[in-house]
Structure formats: structure tokens, C-alpha cells
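1. sequence first, predicted model second:
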Number of protein chains: 4
Amino acid sequence: MIQMTLIQIDNYGPWTVTPTPRAEADLQILQAELYADLQRQFAAKGGLVFFTRFDNMLAVTNGVDMEDHLRIQKSIGNRYPITVSMGVGAAETPYEAQRKATNALQNYGGAQSEERTEVLAIDGLVKSDESFVQIAHIDINGITDSLTDIIPAYDTSFIVNRVQHFLMKKLIEKGSLLFFIGGDNFMSPCNGLTPEGLLKIIEEIENEINIALKAGVGKAPTAEKAANLADLALEEIRGGFTYNLVHVMKNEE
Amino acid sequence: MIQMTLIQIDNYGPWTVTPTPRAEADLQILQAELYADLQRQFAAKGGLVFFTRFDNMLAVTNGVDMEDHLRIQKSIGNRYPITVSMGVGAAETPYEAQRKATNALQNYGGAQSEERTEVLAIDGLVKSDESFVQIAHIDINGITDSLTDIIPAYDTSFIVNRVQHFLMKKLIEKGSLLFFIGGDNFMSPCNGLTPEGLLKIIEEIENEINIALKAGVGKAPTAEKAANLADLALEEIRGGFTYNLVHVMKNEE
Amino acid sequence: MIQMTLIQIDNYGPWTVTPTPRAEADLQILQAELYADLQRQFAAKGGLVFFTRFDNMLAVTNGVDMEDHLRIQKSIGNRYPITVSMGVGAAETPYEAQRKATNALQNYGGAQSEERTEVLAIDGLVKSDESFVQIAHIDINGITDSLTDIIPAYDTSFIVNRVQHFLMKKLIEKGSLLFFIGGDNFMSPCNGLTPEGLLKIIEEIENEINIALKAGVGKAPTAEKAANLADLALEEIRGGFTYNLVHVMKNEE
Amino acid sequence: MIQMTLIQIDNYGPWTVTPTPRAEADLQILQAELYADLQRQFAAKGGLVFFTRFDNMLAVTNGVDMEDHLRIQKSIGNRYPITVSMGVGAAETPYEAQRKATNALQNYGGAQSEERTEVLAIDGLVKSDESFVQIAHIDINGITDSLTDIIPAYDTSFIVNRVQHFLMKKLIEKGSLLFFIGGDNFMSPCNGLTPEGLLKIIEEIENEINIALKAGVGKAPTAEKAANLADLALEEIRGGFTYNLVHVMKNEE
């Protein structure tokens, strides 16, 4: 089972324009630093946070318990002008886990409720013997040679966003999520998705928008280890150790 | 005229997997902190950076001169395990400015060249009396009530990405760029785009994917001021002071 | 027993002037961010880092094991232009623990050795059932009214430094350490020091330099809990719940 | 003339213990990040900040005008749970400049006043044609060989603190300030101090506590340039290009 945490800044929208709109640069710095900070704290426990919409972040948090969540929440409240609420859900697929996490938090009030502050709403935590995370690291073949070094920077970014859009659409049908992680890289928490299922998606995208992708898949008890294995699997494809476009590595423990 | 800077991490891809893939959490923190850092430094000069792909960032930099760029570049090199190269371009439209900026940098070698380090390639700088930045701040009407507080967090994120994809497609045809800035917010450097042109795009998106958008537009000599005016214009729509979905505010100086 | 970790930037001095002296502002930012970063990572495990000399930091690390140290070390190496080596020691007194930690690290080569990189030298780790940390939080009585709001800022800083100097001199004789933590606050890891011993030091300082101090003392299995208890004990003195200048609180577990 | 800015966190002491004492690690991170942040922003304008007591920081700010101060102040208020007030003073000596800066701020109310928030109190700004900063970079001869690599880390830190204490005592009599900047390094804003005067202090300290110091002195219109020149002057002594223990370099402009 996979455990996911939704981290939501409390009443953020109204705060950004009170009393007058705050400088956009400051908001961008605040959001990026908050994300980096949460990443560092969840990573210390084997979790992995995706920036998602920055005011709402989704994290794979197998192994991160209630006390850890509370400590992180408090630490943010002590150092930022805003606070965060969190919802936690556990399920067989990442989509279902984040759905439960969201639902648990929504029960405590809206994102812009003035009453809801620093809520921790736990729908479920994954037990250590049931903990399982599958993550795919997907990238675009040879993007530097074919795009970055040739076409304008914005055009490359446009194509990457297009790939993201297509990947999201196809993966959500499998209960898998997709997050952009910079460059031409995506990470997909994808418990339950088979290598064949992923390969089919990659082939469809090549047919539909003529972009060639490859994917390393990692399976392990924590997000940290699964992501590491996914990276290693992707390196094996890059290094030519396998001709498959989807390569899987499992935790040996 | 608008001035844009492309900031590119030198030889980043290979670095992330040398000698073995670095922990994904560390890379995410590094990228987010680098972005926040650059934002703070460009903002001190009236500029505004968009995270774009994180390893390639685009910034509106009217008023930021060669010496400023060099200082920022050096400051990054002193505090990060990586260095950055930059290209700078000036043009009538944002698209054209980033094209020139990219081109200037590409002339010095590829993003993964081992020789190209800390290059500053200036194709053109905007003179202060010709400096003009137009920025639109676009958001989704009532997203908290209609999406964030009701549907799963990932689904909202999926819809926001879809909106981004459609906006990018339509704006690029006008020579305008679009960047996601968190939540349900986008910023579009859009010199040359008329209010009517922007309204038409908003109406088309409502027809095609049934998402209602609104836009505040700011015009000023620097990105900082244009963004502030765009925020104020958006607040006037939110506050009901205008019934238009596109509202423009100009610098009075 | 108390466990202490010495964190030393590898070959830092030469780096700061290679190829020419780096901007002082950049070095200050680098050092402060490195300290904040290490603090966040050790705090996630119940530890507490003191900035000490910034290129050499001392931390109380009961409960932080070898794997944790390695992870932190690697995380720093991934995100900074420098690396860190660490020595770990365990003893009855803080002084003795840091002596062992230093010694363990020195055995691997000098701080400016070009060969010594990312060493982790563990002389000893405290077992969980023997883990005990005593920390005193010491501050100056009524500093805001008597100094900050009246005399020049530098003069206050001068007096605080003077107090630090006297406290260090007297505490080291007891095997206790002293670190400045900002404002008029000091923290002293002081396993083995009795309340009477600490009170005597406070009285001597009042006699010698006419500065009135007070101290909250916390005792617990980790630095985090001991520091929290020390804060609470100090609050009880501030709140007038005790007339003692030294007040002790123990972990009830 | 030298211009100095006192940066003071508003009502910080009470905040740190409301409603109960905040985790010490969080406060340490907050203080270090605030310092790094201010440093980055003042450095973008040629200034240099010293961490001083962290809740009170002193900066040399020649060339940083009122608008710059306001922007920095606002930027901090947008991204931290606390706000800062500032006082600015200009004088022939650093001591006198910080005295005026402190006095200007104190006139607006105490550091722990609940009413005083985000005040900017300017007693005087240095005009660009009168701008002059003299900074000495002082360090301990051969500290790595003689101390860091041989004795316990805390003992070295103890000696460095002792040197600081003696330097502060002697420099304040000349109207010069002294700040610890990490390692075995100190920076002294010292307008008006002659090389002979500084050499005499270094000789006295060698006689009194048997620690050999050396100093590079830089003179320039801004803190940034003066500090750079001081670094270069110190490198010349280290490199054996001069036998003097005090070496001066001036801005050639």
C-alpha cells in the first residue's frame, strides 16, 4: 500500500493580497523555499514531496508517522508567515491514496476557511509490513541534442508541458499520478501499473505527438528507495544495458 | 521593448547522475533553492524570474544590466555545486526576446558541453527610455469553492495543468509566454497583446474546456511594477469594481 | 552519556580564496545556510547543532545514528560547493565527548588536507538506554530595558560577548560547553554540572562584571527535549513561579 | 563617511515564547536564514551585514538608499513570521554611525514594544561623493596547523572567542567595530584607524595572550569593495608578498 500526504497552505489566497497584493517575487521565493523545506524534512524520514501547485503539495510518505507530520507542521508554523494543514491517506493506488488524503482534510473545512489552521487529518497510515511504493522516472530521449540546444527555451518548455499533459491524461486512468520534477523529467507514483501498461502509454505518446520517452521503475518500501531504484533503472537504459524503454528494479531486501 | 534572460545550469543532466544518481529529494531542494535565490537577486533589480523547467529558467529583466548579471552569476557559483550560464535578448515581444536570448547562449555551446561554463551571452539590452513590460496575471474564477474544496487534490492539479496547456498554445501565437506561478495562477509576459486579444483567448478556453478565467494586465517599465499592476488590476475584478474579465492598469509615471 | 558530533567543512580555508578571494557576502550566506540546513536535518532526529565557528560546528546528537550521519553528509555534498567531514564521540561530559569527536576526526587528516573528504569518524555512539542530555539555557536579566533600548547596539553586543567569554571560562572547568544562540541567550550542554555549581558561576559573574544572569536547566534523553525543558524552566523564572536563578526540569518519561 | 544600519527584529523575545517556547532548532534556523537573506539583499546593493546578535544585526550600507531599505524590509515581512525595523546613521567612525543608527530607532519605541513595527528611522545617509569605507580583515596566523588539527574543537573555539573579546576591547577605543565572520576570521569596519594603530593592537594581543594575528585593510566607497580589497591585502601577507602584519589596499578609482 502507498501512503500519500496532501499539504495545503492555510487560507493562502486571501493572505497573498492582504492588505494589498504582495510582491510576486516574494511569493515565488516563499513558495519555493517552503517546498524545499518540506522536502528536506520529509526526506529525512524517507518521504518524497512533489511541488504540485505549491499551495497544495502531494507527497509519498510511507514510513512517516503521525508524530513526524506534527513536528514538520509545527516547524513550518515557527518559521513562515503562513501555516500548513495536512491530510494523509493510504490505499492500493496513488490516486486513491491522495483522494482519501484530500477528503480527510476537506472534512475539516475549506482551504480558505479562516477557522481551519494547522489541521492534521489522518484517514489512514500504511503499516510497515504492508509498505510498498512503485515510482517511475520518465524522461524524454535526447532532449538536449534535439531540443534544448537547438530551439528557443520557451519552445522546449512548451513541448515538455505538452508531454506532461498527455502523460497525466493517460496515467490517471490507471490510478497513477504524474509530477514534473524539472528539466525533461517526470516522476510517477504508480503502484499497480504494469511495465506493459507503462510501455503502452509511452508508445501511444510517440504515435500521437512524436516524442520518444523512456522510463525507469523502482519498487521499494519507501519513496526514497523507490525513486533511487527508478533512477538506477533509467541509467541502465541510458547506458545501453537494456533495450527496453521501460526497465524495472526492485529492492532486494 | 522587453528584455529576457535565459538562465541555464551548466552541464546539469550529467552532474545529477555522477558518479551515481543523486537523491531525488536533494535535487528537488537544490533546484527550488536555486530558483528562490535567483528570484531574490533579480528582484532586487526589478526583474522577475519564472521557474520554467528549473534547469532552464526564463526571466523578464528590463533594468538589469551586464554588471548585475555577472554579479548574480558569480554569487551562484560561490554557493552551489553547479554554475549557471545566461543569455540575454531584447525585442518587441517576449517570445522574440527569449528566442534571441536562447540563440545567444546556444552560440557558446550546448547545455551539456563540458567546456561551456558561466557564459554570459548578451544579444541585446533594453535602454531605459525604451523599457516596457506588459504582464498579465491570469487565474481561474472561484477555484477554491468549485475545485480545491470539493474534488481530490490531484484532479484540481490536473485541471490547472490542462488550462496551462491551452493557454500556452493560444498565447504563443501572439508572441506571448505563459508561466505557472502556483495555485491557479499564471503570469504571461505579453507585450503587444491587446486586451481584446486576451479576452478572446479567455472566451475560447471557456467554450472549449468550460473553465472561466480572468486577467489583470499591468504595463510599466519593469517586470516588478508591471506584475504589481497586474495584481492590482486582478484585485479590481475580484472586488467587483469592474465587470470585465480583462482589466488593464498602467504605470502613471 | 552525551553524544557530540563535530562537523567540519573539508579544506574550507583554501577554497574561500581560490582562485581569488570569494565575495565575503557570499561566504557569509553559504555558512549561514549550511548551518540552517544541518540544524534542520539533525533536528529531524532530535539533535541540536551550534554554529560555533561555522566552518567547525558542534552538535549534541544523542539518538542520531551512523546511517543518519551518512545521509546528512551526502545531502550536503549534493547541494553545496563544499563537503563536510564529521567526528562523533560519546562521554559523561560534553567537553569529553567533543574531545573524542575531534580526536576521531583528526586521525583521518587535517582540516585543510586535500585528501580528506567526507570522512565519518565515529569514536562512540550512545546507546538509547544510556542516553542523557543536560542543557542549560542562560540569559541576561532584563536586557531589553537595561541595554538594548538604551545604549548603542554595538555596546550591547560587546557586553553580551563579554558575558560569553566569562561563562566559557568558568564552564569549561566543569566539563561544560557554552554556545551563543542569539540575542542575550546562551545554551550550555552541561551533563554533570549541579544546579549549585551553575548558581555559583552566575553569582561570580554578577560579582565580577555586574551582569545578572538566570538559567533554566533541562534533562532528557535527547538534545531537543532537554532544550525544550530548559526553555520551560527559564519561562518559570521569567514568570515569577520560582525565585531561584537556576531552575531545573526533568523529562517525566 | 561610513553609513551603518541597525536591523532589529520587532518584539522578537516575546514571540519566541508565545504561546509556549518554540523549538530551539526552529529559532536557530529562522535566525540564520534571516541573516543570509538580509545579506543577499544588502549585498545586491554593495552593502555587508554582520550577524552580531542575530536579533540585532549591524550592516555597513554606504550606497544603499531609503527605497532599498524599504524594499528589503517589506520583502522580509512578506516571507517571515516576524518583521524588522531599521535605523540608519552616518558618521566619520563606525562606532559613531551605529550609535546614531541605534538612537534613531530607539526614538520610535523599544525593541519589545508591541506598537513599533517595520519602522525605518533614518538619521543620515552618506552622499555618494563622501562615501568611504575602511574594513580590516583580521585572522589568526596558522590556526589550522597550531590549533584546529591538534586540540579539541571547543578549545579552538574558546581561543577564537578570547581573541574576539580582546580585539573588541581595544578597537572600540578607536571608534572601530569588530565582528566574528567564521573560522578564525574577523572583520573590522575601522574608518579613521591608522595602520600603525592597528599594528599596535595586534602586537599588544600577541604580548598579552600569545596569539599572532595579521590584518588586510581595504579602503573603498562601498563595504563590498572595501571587504574585497581587505581580502586581497590579507592574501598578499599570506603569500609572503609583504612582511608587514598589516597591509593596506586602496580602491584605484
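-> The structure has been received and is ready for your questions.

2. C-alpha from now on. contacts and neighbour counts both.
-> OK.

3. any idea which helix or strand comes after the lowest-mean-pLDDT helix or strand in chain A?
-> Of all regular secondary-structure elements in chain A, judged by mean pLDDT, DSSP states H and E, the least confident is helix A:143 with a mean of 85. Sequence-wise, the next helix or strand downstream of helix A:143 (DSSP states H and E) is helix A:153-172.

4. near chain B at all, that next one?
-> Yes. Residues of helix A:153-172 are located near chain B by CA under 8 Å from any CA of the partner chain, namely A:153-154, A:157-158, A:161-162, A:165, A:168.

5. any chance you could map the helices in chain A?
-> If DSSP state H is used as the criterion, the helices of chain A fall at A:12-16, A:24-43, A:66-79, A:94-106, A:143, A:153-172, A:195-209, A:223-238.

6. wait, which of those helices is closest to residue B:231?
-> When these are compared by CA to CA, helix A:24-43 sits nearest residue B:231, at 8.5 Å.

7. helices and strands around that closest one, which ones?
-> Contacts of helix A:24-43 with other secondary structure elements, assessed using 3 or more CA pairs under 8 Å, 6 or more residues apart in numbering or on different chains; DSSP states H and E, are made with strand A:48-50, helix A:66-79, helix B:24-43, helix B:223-238, helix C:24-43, helix D:66-79.

8. which among these is found nearest to residue B:108?
-> The nearest among the helices and strands packed on helix A:24-43, by CA to CA, is helix B:24-43 at 21.9 Å.

9. what parts of chain A come near chain D?
-> Contact residues of chain A with respect to chain D, defined by CA under 8 Å from any CA, are listed as A:22-23, A:26-27, A:29-30, A:75, A:78-82.

10. weed out the non-buried ones from the residues you listed.
-> A:22-23, A:26-27, A:29-30, A:75, A:78-82 (16 or more other CA atoms under 10 Å in any protein chain shown).

11. low-scoring pLDDT stretches of chain A, where are they?
-> Counting by pLDDT under 70, chain A contains low-confidence residues at A:253.

12. tell me the domain ranges of it?
-> When chain A is parsed into structural domains using automatic domain parsing, the resulting residue ranges are A:2-130, A:133-250.

13. quick check: end-to-end length of the last one?
-> Here the two ends of domain A:133-250 are set 10 Å apart, with distance taken as CA to CA, to the nearest Å.

14. close to chain C, is it?
-> No. Domain A:133-250 is not in contact with chain C by CA under 8 Å from any CA; minimum separation 11.7 Å.

15. can you tell me which residue of the stretch 101-250 of chain A sits closest to chain C?
-> With CA to the nearest CA as the measure, the residue in the stretch 101-250 of chain A that lies nearest chain C is residue A:224; the distance is 11.7 Å.

16. residue contacts, the residue most central in space within chain A?
-> Note on chain A: the residue nearest the mean C-alpha position is residue A:50, at 3.4 Å, using CA atoms, centre = their mean. Applying CA atoms under 8 Å, 6 or more residues apart in numbering or on different chains, we find residue A:50 in contact with A:57-59, A:179, A:181.

17. rerun at 6 Å
-> With contact taken as CA atoms under 6 Å, 6 or more residues apart in numbering or on different chains, residue A:50 is in contact with A:57-59.

18. tell me what it is bridged to.
-> Applying DSSP bridges to residue A:50 gives these bridge partners: residue A:58.

19. enumerate the residues of chain A near chain B.
-> Contact residues (CA under 6 Å from any CA of the partner chain) of chain A with chain B: A:29, A:32, A:36, A:53-55, A:99, A:102, A:106, A:110, A:149, A:152-153, A:182-183.

20. at 7 Å instead, please
-> Within reach of chain B by CA under 7 Å from any CA of the partner chain, chain A has these residues: A:21, A:23-25, A:29, A:32-33, A:36, A:39, A:43, A:48, A:52-55, A:98-99, A:102-103, A:106, A:110-111, A:144, A:149, A:152-153, A:157, A:161-162, A:165, A:182-183, A:227-228, A:231-232.

21. of those residues, buried ones?
-> The neighbour-count test (16+ other CA under 10 Å) marks A:21, A:23-25, A:29, A:32-33, A:36, A:39, A:43, A:48, A:52-55, A:98-99, A:102-103, A:106, A:110-111, A:144, A:149, A:152-153, A:157, A:161-162, A:165, A:182-183, A:227-228, A:231-232 as buried among the residues of chain A next to chain B.

22. spit out the contact partners of the residue nearest to residue A:245 when sequence neighbours are not counted.
-> Spatially, and ignoring its direct neighbours in sequence, residue A:245 is nearest to residue A:214 (4.7 Å; CA to CA, 6 or more residues apart in numbering or on different chains). By CA atoms under 7 Å, 6 or more residues apart in numbering or on different chains, the residues touching residue A:214 are A:138-141, A:245-246.

23. now with 8 Å?
-> If a contact means CA under 8 Å, 6+ apart, then residue A:214 has A:138-141, A:202, A:234, A:237, A:245-246 as its contacts.

24. thought residue A:213 was touching residue A:246?
-> No. Distance between residue A:213 and residue A:246: 9.2 Å, which falls outside the contact criterion (CA atoms under 8 Å).

25. from chain A, which residue is nearest to chain D?
-> Scanning chain A for the residue nearest chain D gives residue A:81, at 4.0 Å (criterion: CA to the nearest CA).

26. next, find the distance separating that residue from residue A:11.
-> 12 Å.

27. do the same with residue A:115
-> Using CA to CA, one gets 9 Å for the distance from residue A:115 to residue A:11.

28. more crowded one of the two?
-> With neighbours defined as other CA atoms under 10 Å in any protein chain shown, residue A:115 and residue A:11 compare such that residue A:11 has more, 21 against 12.

29. what sits closest to that one if chain neighbours are left out?
-> Once flanking residues are discounted, residue A:11 sits nearest to residue A:112: 4.0 Å by CA to CA, 6+ apart.

30. residue A:228 and residue A:219 touch, don't they?
-> No. In terms of CA under 8 Å, residue A:228 does not count as a neighbour of residue A:219; the distance is 9.4 Å.

31. coming back round to it: what two of the residues of helix A:153-172 next to chain B have the greatest distance between them?
-> The largest distance within the residues of helix A:153-172 next to chain B, taken as CA to CA, falls between A:153 and A:168 and amounts to 22.6 Å.

32. could you dump the helices of chain A to JSON lines with distance to residue D:191?
-> As requested, the helices of chain A are arranged in JSON lines below (distance: least, CA to CA, whole Å):
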{"stretch": "helix A:12-16", "distance to residue D:191": "44"}
{"stretch": "helix A:24-43", "distance to residue D:191": "36"}
{"stretch": "helix A:66-79", "distance to residue D:191": "37"}
{"stretch": "helix A:94-106", "distance to residue D:191": "59"}
{"stretch": "helix A:143", "distance to residue D:191": "56"}
{"stretch": "helix A:153-172", "distance to residue D:191": "49"}
{"stretch": "helix A:195-209", "distance to residue D:191": "67"}
{"stretch": "helix A:223-238", "distance to residue D:191": "54"}
